[in-house]
Each structure stands twice: as structure tokens, then as C-alpha cells.
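J.: Sequence plus the predicted model coming up.
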Amino acid sequence: QGRDMPGQLPDLSMKQPSDNTDNQTINTKETALPIPPLLKDHDPDPGKAEFHLTAQNATKEFVPGKKTETMGYNGNYLGPVIRVHKGQEVSVKVKNKLDDMTTIHWHGLEVDGDEDGGPHSGIQPRESWSPEFKIEQPAATLWYHPHPEQETGKQVYKGLAGLFLIEDEVSDRLDIPKEYGVDDVPLVLQDKRFDSDGRIDYDLGMRDVMNGLQGNTMLVNGAVNPFLKVPRGMVRLRLLNGSNASVYELNFNNNQSFHQIASDGGFLEEPEEMDKIILGPAERAEILVDFSDLKKGETVQLENKGSEFMKFKAKGGDPEDYTIPTKLTTVDKIDPDQAVKTRKFAFEGMGPRVNINGKQFDADRIDEELKMNDTEIWEITNESGMGMMGGMMHPFHMHGVQFQVLDRDGDPPPANETGWKDTVLVNPDEKVRVIATFKHPGEFMYHCHILEHEDAGMMGQFEVEE
Ligand code: C2O
Ligand code: CU
Ligand code: CU
């Protein structure tokens, strides 16, 4: 039943300390949930797709009458949704109209290191970058975001992030809601700390350096206090934890259950019924929620750790009859006996000294060398909590590959972690083993996806050699 998380969770309810200036939660009237537009494909060839993205400075009124400086792709906050089909050859023209260097990383996408958009693929102001890659992985809800060395936290916090959806023969065939923005709805979840002028400055206080920047106001697709009108039936929500550092614990205020159908890298084999879902930074989940009991005008709220932040309002009409598919897809389990090697990664240190295996990030150092097409087990431990202070969770992410979770402290993972993943939460003192086959050559990152930890150096590089 959902993910059983032992260990301590960072306490989001704690007030921010006084070294972060004033930090009131803003209260605004409810607004219709913005639905990020699907990005236009400029290539008429159905086997290909060409997209254009521009990273730019902008302003946005989160609080009516107060202008907030932001960054966005093609707009003033977040970015459009890129939707591709398996088998397509994709090219993206990325322009940097920011004043700072940026990169654009395809989080969860299986591509060569040169196309991955990590810190080595810097795009200087007024310059462009045009990666090309073929989509060779199953249907999934992935995302894209900047990745410049030591600046990722700031640029994502200011608004640079977007969804990257892959469809395939399985998602085409399955009888699940697929009308984008109507019953197939993306929810990019983030939290911010607004000051009294409505600004979201990226000023890190001591607590932020330790735990990562955790805000006190939730945004969904960039909106505070949003509502979504839902049909009287089944709705598919594509959830992304797009926060810098917060672990979300999500449930509905009426405690209704829902079914998780996909994790980071694609569909689970079977829908998993749960009434609460935990999502660490960068993790995604697709869930099916049944709103057929709601009469016109009735509402249900989505909560994080007991605080409501988004409403679903019933449009009314006759309740729709729908059965959840019993089988979604087949996830071929990678056999641990095929692994040629086990590597160990230990999250260590705190605050400015966070590291992996005792080393902080160095762009000129390759930490791990792998051979293409090898299968390996990566064993991740969280030893950052040793010593005087209690530990915290760190979300481990690796680029260019999807993995499977073998076990948590020797126990099989919960059912909703039995599919493809690219980011996994590691609890204090826990040992998580994952397995992957590295099919793409090049240089890639692995890191903690708490962006302030990543920027502080809790990141390393692996090279896959052809
Ligand atoms: Cu979401 Cu290194 O990435
Ligand atoms: Cu990534
Ligand atoms: Cu971390």
C-alpha cells in the first residue's frame, strides 16, 4: 500500500528562521489552474519533431499588483510541455536570452552524454544549443530543467522547468484518460518563499544551505491556490515534484484512494491503489483519481502533509462508468546476476560540506568509468546524518538512464517503486540498491536532487565508454 517510508522526514511545518528576512505565506484568491501549453512541433515529418525553446528573464504577478522577477521558457514562468512519440528523431533549438549561462537537461531521458544537457553543455547568453536525439524508451512523464554548475538551484527556483512527455504503443492502446488538459492533467508542484513584496529571491539562509530551500507556499503549474474543474469520472494527474528541496506527502482531504499507474520512467505493471503518495524532489508519478462521486460544484482538495493547496471542482453531469485496467505494461526485470559490477555511493556531510564518497563535484574529474551496455548495481547509502545532527533524506538521481530499485535495506521495494525510476529517495542510514544497463555513451552526472546540495557539490560524474 504505497510507499512505506521509515526514518525521519524533513519537517516542512517548521517556521523559517529569521535569517531569511520576512517570509509570510501569501494569500491570494483562487485561480483556475494554468495548463502549460503543448509545444509546437515544427517538423511536418511524423517520424521527426523539432522544438524551439527560449530561456528568458520575465516578470509574473503571483500576488495581484506585485511584480515578481522570474525566468521562464517561452513565457514568464515554467515552460511548455514537449510531447514526443517513441521512435521519433527529435531536435530542439534552445536559445539563451538570460543574462547568465544556462544549460538544459532532459531529466529521465536516455540519450548520449553530449545531448544530455549537463553542466558541460553551457549555453552562453545570446547563444544557442541544438541537441538531437532519438526517443528509444517507453511512455513516461519526464521533465527538463537547467543544470549549470552551482546555479541550478537558482535557475529552477526562478521558474525554469517544463515537462517532457513520451507516448508509445502502450500509452496509445491503454484505456486511460488522455485528453491533455481535460482529463490528463500535468501538475508541476513547487514551493516558494515569497517576501512581502511578492518576490521570490534566491537568498539562502543557513537552514537552506543545510536542508535545501523549502518554501511555505505551494505553487501548482506556477499558480498559488489553484482550482481545476474536473469531469465526473476518472482523471489522470501527472505529478512532478519540481521543488528545489521538499519531499511532498500528498493525499486528498476526503481520504479517497487513487491508483498510481506510472513512476519516473513509465508505467507500472499494474495500478497500485494508495491513499497517500510520497514524492521527493524530481520524482514523478501518474495517478488515476475517480471523481465520479462528486456532484456539480462539490470540491475535493489535494493536501501536502495535511495542508490543502489545490481544489478539484466537479463540473457535474452524469457519473461516468470506468474500469481501471488491471494490467498496464510489462516491465522486464533486470537480473542482478547480469551485473558485472557493484559500485558504492555514500551521501555524506552536511550543509556546505555535502559530498558523495568524500568528494565534492569537480567538472574536470571523472569519478566512475563504465562500459557501454554493461549492467551494474549501484548501492547508495545515506550517512549524512551521522554525528550530532539528525539525518535527512537525499534523492539520488543519475543521468541518461532509467534504473530499477532492487531493495531498500535488503527488503523488496514498495509496489510503486517496482517500475522504472531515475530518482530515488534514500532515508537516513538506509541502503538502497538499484540496477541499470548503461546503453548510451558519454559523460553523465549522478547527484542528490536537492538542488542546494547539488550546487554545493553533492554530485559526481560517470563516463560510459563505447
Ligand atoms: Cu533533474 Cu541532474 O537532474
Ligand atoms: Cu537528470
Ligand atoms: Cu542531499
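T.: Sure thing, it's come through. Note that this is a predicted model, so its numbers are computed, not measured. Residues are numbered from 1 along each chain as shown. Ligands and ions are numbered 1, 2, ... in the order given.
J.: tally of neighbours for Asp407?
T.: Residues near Asp407, counting by other Cβ atoms under 10 Å, number 15. Placement of C-beta: from N, CA and C, glycine included.
J.: And Gly442, by the same measure?
T.: By other Cβ under 10 Å, neighbour count at Gly442 equals 20.
J.: Leaving out chain neighbours, which residue sits closest to it?
T.: Residue nearest to Gly442 in three dimensions, not counting chain neighbours: Gly113, with 1.8 Å by Cβ to Cβ, 6 or more residues apart in numbering.
J.: Same question for Glu466.
T.: Pro441 (4.5 Å).
J.: Kindly report the same for Asp197.
T.: Leaving aside its sequence neighbours, Asp197 sits nearest to Lys66 (Cβ to Cβ, 6+ apart; 5.9 Å).
J.: what does Leu109 give?
T.: Closest to Leu109 by Cβ to Cβ, 6+ apart is Leu142, at 5.7 Å.
J.: Show me the strands in the stretch 251-400 of the chain, by range?
T.: Assigned by DSSP state E, counting those that start in this stretch, the stretch 251-400 of the chain shows strands spanning 258-263, 266-274, 277-279, 284-290, 299-304, 307-314, 341-348, 355-356, 368-371, 375-382, 394-398.
J.: Kindly spell out which helices and strands sit in contact with the shortest one.
T.: Taking 3 or more Cβ pairs under 8 Å, 6 or more residues apart in numbering; DSSP states H and E as contact, the helices and strands that strand 355-356 lies on are strand 341-348, strand 442-448.
J.: Out of the strands of the stretch 251-400 of the chain, the one nearest ligand 1 is which?
T.: With respect to ligand 1, and counting by Cβ to the nearest ligand atom, the nearest of the strands of the stretch 251-400 of the chain is strand 394-398 at 5.4 Å.
J.: Mind giving me the packing neighbours of the closest one?
T.: strand 341-348, strand 375-382, strand 423-426, strand 431-437, strand 442-448.
J.: for ligand 1, what are the nearby residues on the stretch 51-200 of the chain?
T.: His105, His107, His145, His147 (Cβ under 6 Å from any ligand atom).
J.: Most neighbours among those, which one?
T.: The most crowded member of these, judged by other Cβ under 10 Å, is His147 (28 neighbours).
J.: The residue lying closest to it once chain neighbours are set aside: what's it in contact with?
T.: Distances taken as Cβ to Cβ, 6+ apart put His105 closest to His147, at 4.0 Å, once the chain neighbours are dropped. The contact partners of His105, by Cβ atoms under 8 Å, 6 or more residues apart in numbering, come to Asp116, Gly117, Gly118, Tyr144, His145, Pro146, His147, His399.
J.: coming back round to it: from the helices and strands packed on strand 355-356, which stretch is densest packed?
T.: By mean neighbour count, with neighbours taken as mean count of other Cβ atoms under 10 Å, strand 442-448 ranks first of the helices and strands packed on strand 355-356 at a mean of 24.
J.: what packs against that one?
T.: Counting contacts by 3+ Cβ pairs under 8 Å, 6+ apart, strand 442-448 packs against strand 355-356, strand 394-398, helix 451-456, strand 459-465.
J.: Any chance of those in JSON lines with mean neighbour count and distance to Pro413 as columns?
T.: Formatted as JSON lines, those follow (neighbours: other Cβ atoms under 10 Å; distance: least, Cβ to Cβ, whole Å):
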{"stretch": "strand 355-356", "mean neighbour count": "24", "distance to Pro413": "22"}
{"stretch": "strand 394-398", "mean neighbour count": "26", "distance to Pro413": "13"}
{"stretch": "helix 451-456", "mean neighbour count": "26", "distance to Pro413": "23"}
{"stretch": "strand 459-465", "mean neighbour count": "21", "distance to Pro413": "23"}
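J.: Compare these and give me the one nearest ligand 2.
T.: With distances scored as Cβ to the ion, the stretch of these nearest to ligand 2 is strand 394-398 (5.4 Å).
J.: what angle sits between the helix or strand following that closest one and strand 258-263?
T.: Downstream of strand 394-398, the next assigned helix or strand under DSSP states H and E is strand 404-408. Per axes from the mean of the first three to the mean of the last three Cα atoms, to 10 degrees, the angle that strand 404-408 makes with strand 258-263 is 120 degrees.
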